[in-house]
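Trainee: When you get a sec, could you give me coordinates for this:
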Amino acid sequence: MNTNSTDFSYLVTSFLTDYLPLQRCYSRNTILSYRDTLKLLIRFINIEKSIKLQNFHIKDFNRDLIIEFLEWHRKNGVSSSTANQRLAALKTFSEYAQLECIEYISPLLDISAIKAKKASAKAVSFLSVEQMAKLINWPDINTPIGFRHRLILTLLYDSGCRVQELCDLTIGDVFLSENSTIRLHGKGNKFRTIVISDETATLLKKYIERYLPNALKDHSLISNRYNQKIHRDGIAYIINKYATEIRREDSSFPEKIHCHMFRHSKAMHMLEAGINIVYIRDFLGHEDISTTMIYIKTDNRLKNEAISKLSPKVTNEIDFSDWNKDKDLMTFLNSLK
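Mentor: Coordinates of the predicted model:
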C-alpha cells in the first residue's frame with residue numbers, strides 16, 4: 001500500500017478492481033455506477049466535511065456520515081430513488097469492508113441497517129405511435145449521417161434496448177435471416193436475443209452493406225463521426241437534434257425527449273397492442289416482473305383519465321333532487337321494522 005494511502009483508500013481500490021469485477025462478476029457499467037457513488041462520497045468528505053482523503057479511515061466510515069451524505073445529496077436536487085441507489089452501493093461497499101476489516105464490523109453493520117426512503121412512483125413518459133414514427137423518420141436517409149441516425153433511432157425503439165446496450169452492439173450481435181434478431185448485452189453481464197421487424201432488418205442489412213462491408217465481428221455496429229464506438233451522450237445529442245427540429249414545425253411535440261423514452265414507448269405500445277406482460281418483461285430484460293408492472297399501472301391511469309374525459313360527453317348532467325325533501329318516502333322507510 002502507498003504510504004500516503006489509508007485503509008479506506010485501499011479498500012475502495014480493491015473493491016472496484018477486484019471484488020466487484022472478479023469476485024462478484026459485475027458488468028463494467030455496474031462497476032462504474034459504484035465508482036460514481038464513491039466519488040460523490042469522497043467529494044462530500046473533502047468539500048463539505050473538510051477532511052482530506054489521506055486523513056480519512058475506515059473507522060470514520062459510519063452510519064452518521066452516510067445519513068449526512070444522503071441528506072446532502074437530496075438537498076442538491078436528486079430524487080429519493082437516486083439517493084436510494086447511492087445507499088445500496090454504499091451498503092455493498094460496507095459489506096465488503098466487514099470482510100476485510102472485521103475489527104470494525106459493528107459500526108459497519110449499522111450502515112447496513114439504514115433504511116431507504118420511500119420514493120414516490122415516477123410517471124412513465126412516452127411518445128404516441130404517431131410521435132415516435134415522426135421522430136424516427138425525420139433523419140434524411142439519403143445522406144450517410146442521416147442513414148446512421150435513422151438506424152440508431154429505429155433500433156433504439158424496435159428493440160426496446162437500453163441506450164448502453166445499443167452502444168455495445170457489434171457486427172457479431174446481428175443475425176439477419178428469415179427471422180432476424182440482435183443480441184443485447186444487458187445488466188449483470190446477461191445476454192438476451194431480441195427479434196426485430198423486417199423493416200429494421202432491411203435497414204440494418206443496407207447499413208452494413210454500405211458502410212461496414214469488410215468489418216470484423218467485434219467491430220462496433222454504431223460508430224460516431226470519428227469512427228469510434230458511439231457513447232450515450234452522442235445518442236442523446238442525436239435524439240435532441242431531431243426533436244428540436246420537429247418542435248420548430250410542430251409546437252405540440254414534447255419538449256423533453258430522453259433516450260429511455262424510446263424503451264418506455266416500446267413497452268407501452270406493446271401493452272396497448274395486447275401483448276402479454278410476461279413477454280414484455282422478457283423482451284425488456286427485467287429481472288423482476290414488478291419492474292414491468294409500472295407500464296400496466298400507467299396504462300390503467302391513462303384509461304381512467306380517458307374515461308373521465310368521455311363521461312360528460314356521453315352522460316348528461318343530472319340534477320339529483322334532495323331526497324330529504326320527500327317526507328312521505330322518509331316516513332315510509334322509517335316505518336319499516
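Trainee: what about the strands in the protein?
Mentor: Counting by DSSP state E, the chain has strands at residues 174-175, 181-185, 191-195.
Trainee: What strands flank the second one, and is each parallel or antiparallel?
Mentor: Same thing as strand 181-185. Using DSSP bridges, the strands paired with strand 181-185 are strand 174-175 (antiparallel), strand 191-195 (antiparallel).
Trainee: worst average pLDDT in these?
Mentor: Among the strands paired with strand 181-185, strand 191-195 carries the lowest mean pLDDT, a mean of 93.
Trainee: Can you pull the domain assignment for this structure?
Mentor: 7-112, 129-303 (automatic domain parsing).
Trainee: Minimum distance to Ala123: which of the ones you listed has it?
Mentor: domain 129-303 (7.3 Å; CB to CB). Glycine gets a C-beta too; all of them are placed from N, C-alpha and C.
Trainee: Report how many residues lie close to Ser50.
Mentor: For Ser50, the count of nearby residues is 7 (other CB atoms under 10 Å).
Trainee: Repeat that for Phe191.
Mentor: Neighbours around Phe191, by other CB under 10 Å: 11.
Trainee: so what's it up against?
Mentor: Arg183, Leu184, His185 (CB atoms under 8 Å, 6 or more residues apart in numbering).
Trainee: Kindly report the same for Lys118.
Mentor: Neighbouring residues of Lys118 by CB under 8 Å, 6+ apart: Ser80.
Trainee: any idea how far it lies from Ser220?
Mentor: 41 Å (CB to CB, to the nearest Å).
Trainee: Who are the contact partners of Glu245?
Mentor: Trp138.
Trainee: coming back round to it: tell me which of the strands paired with strand 181-185 sits most buried.
Mentor: strand 174-175 (a mean of 17; mean count of other CB atoms under 10 Å).
Trainee: Rebuild the contacts of Phe191 as a markdown table, extending it with pLDDT and distance to Met132.
Mentor: Supplementary listing: those in a markdown table, determined by pLDDT from 0 to 100; distance: CB to CB, whole Å:
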| residue | pLDDT | distance to Met132 |
| --- | --- | --- |
| Arg183 | 96 | 24 |
| Leu184 | 95 | 20 |
| His185 | 91 | 24 |
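Trainee: Give me the buried entries from those.
Mentor: With burial judged by 16 or more other CB atoms under 10 Å, the buried subset of those is Arg183, Leu184, His185.
Trainee: Nearest to Ile275 among those residues?
Mentor: Leu184 (18.3 Å).
Trainee: and the spatially closest residue to the closest one that is not a sequence neighbour, how many neighbours?
Mentor: With CB to CB, 6 or more residues apart in numbering as the criterion, Leu184 has its nearest non-adjacent residue at 4.5 Å, and that residue is Glu165. Glu165 has 25 neighbouring residues, counting by other CB under 10 Å.
Trainee: From Asp36, how far out is Glu165?
Mentor: Glu165 is 19 Å from Asp36, by CB to CB.
Trainee: How about Ser79?
Mentor: 16 Å.
Trainee: Could you do Ile277 as well?
Mentor: 32 Å.
Trainee: And for Lys117?
Mentor: Relative to Asp36, and taking CB to CB, Lys117 is found at 20 Å.
Trainee: just Lys115 next, same as before
Mentor: From Lys115 to Asp36 the distance is 23 Å (CB to CB).
Trainee: So between the two, which is more surrounded?
Mentor: Asp36 (13 against 7).
Trainee: Need the per-residue pLDDT for the more buried one.
Mentor: Reported pLDDT for Asp36: 94.
Trainee: will you turn the buried ones among the contacts of Phe191 into CSV that also has distance to Asp158?
Mentor: Formatted as CSV, the buried ones among the contacts of Phe191 follow (distance: CB to CB, whole Å):
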residue, distance to Asp158
Arg183, 15
Leu184, 12
His185, 17
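Trainee: all helices for the stretch 1-150 of the chain, in order.
Mentor: Per DSSP state H, counting those that start in this stretch, the stretch 1-150 of the chain carries helices over the ranges 7-14, 28-43, 63-75, 80-100, 105-112, 129-136, 144-158.
Trainee: quick one: contacts for the spatially most central residue of the chain?
Mentor: Centrality entry for the chain: nearest residue to the mean C-alpha point is His260, 6.0 Å, by CA atoms, centre = their mean. Residues near His260 by CB under 8 Å, 6+ apart: Arg162, Val163.
Trainee: let's see it at 10 Å
Mentor: Counting by CB atoms under 10 Å, 6 or more residues apart in numbering, His260 touches Val124, Ser125, Phe126, Leu156, Arg162, Val163.
Trainee: Give me the nearest residue to the first one, chain neighbours excluded.
Mentor: The shortest distance from Val124 to any residue other than its chain neighbours is 4.4 Å, reached at Thr298 (CB to CB, 6+ apart).
Trainee: so the one you found makes contact with Ala123?
Mentor: Yes: using CB atoms under 10 Å, Thr298 is in contact with Ala123, at 7.3 Å.
Trainee: who's more crowded, these two?
Mentor: More neighbours surround Thr298 than the other of Thr298 and Ala123, with 19 against 10 (other CB under 10 Å).
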